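**Q** Here's a sequence, model it:
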Amino acid sequence: MDFMNATHWNKTYNGQTLKTPLSCCKGIEGEFPDIKYPAESCATSPDDTNNNRNKGCYSAIEDFINKYSNIFIGIGVVVAIFEILCIVFAIIVCRNVEEGDKMV
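**A** Numbering: from 1, shown residues only. Below you'll find the model as predicted:
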């Protein structure tokens, strides 16, 4: 909980003292600047059901990558195959241009 000693986050919101930043709340919806927080209690009285206070960014990203690793691998394989096909096509075009053949 490195934010406890941080000096650059507002520890009060609507007159209530926050124990964690609002960004640690689970269930945040919307995009900046129209962010909707589920309830202020997620930051004033946080627990594991409504707050990510015990989970850092690194472990959250690591969990996300592990959860979707098969998709990332699949996308990587498709991109690699596409690039190999592009290289083969470029070689074919270069050979035909050198020989003076016209591509239709």
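**Q** And the helix or strand hosting G74, how far out from the chain middle?
**A** In this assignment (DSSP states H and E), G74 forms part of helix 69-99. Chain-centre distance of helix 69-99: 27 Å, with Cα atoms, centre = their mean, to the nearest Å.
**Q** Give me the helices and strands touching it, please.
**A** The criterion is 3 or more Cβ pairs under 8 Å, 6 or more residues apart in numbering; DSSP states H and E, and there are no helices or strands that helix 69-99 contacts. Placement of C-beta: from N, CA and C, glycine included.
**Q** mind checking the SS state of the spatially most central residue of the chain?
**A** The centroid of the chain falls nearest to I61 when counting by Cα atoms, centre = their mean (7.1 Å). With DSSP: H, G, I helix; E, B strand; the rest coil as the basis, I61 sits in helix.
**Q** ok, now N54?
**A** Taken by three-state DSSP, the conformation at N54 corresponds to coil.
**Q** residues near the nearest residue to it once chain neighbours are set aside, how many?
**A** In this structure, N54 finds its nearest non-sequential neighbour in D48, 6.9 Å apart by Cβ to Cβ, 6 or more residues apart in numbering. Using other Cβ atoms under 10 Å, D48 is surrounded by 10 other residues.
**Q** In which helix or strand does D48 reside?
**A** Here D48 is covered by no helix or strand, with elements defined by DSSP H and E.
**Q** Quick check: it vs P21, distance?
**A** Noted for D48: a distance of 16 Å to P21, by Cβ to Cβ, to the nearest Å.
**Q** Please apply the same query to N51.
**A** 10 Å.
**Q** more neighbours, those two?
**A** Ranked by neighbour count (other Cβ under 10 Å), N51 and P21 place N51 first, with 21 against 17.
**Q** Give me the phi and psi angles of the residue nearest to N54.
**A** Main-chain dihedrals, D48, degrees, to the nearest 10: phi -70, psi -20.
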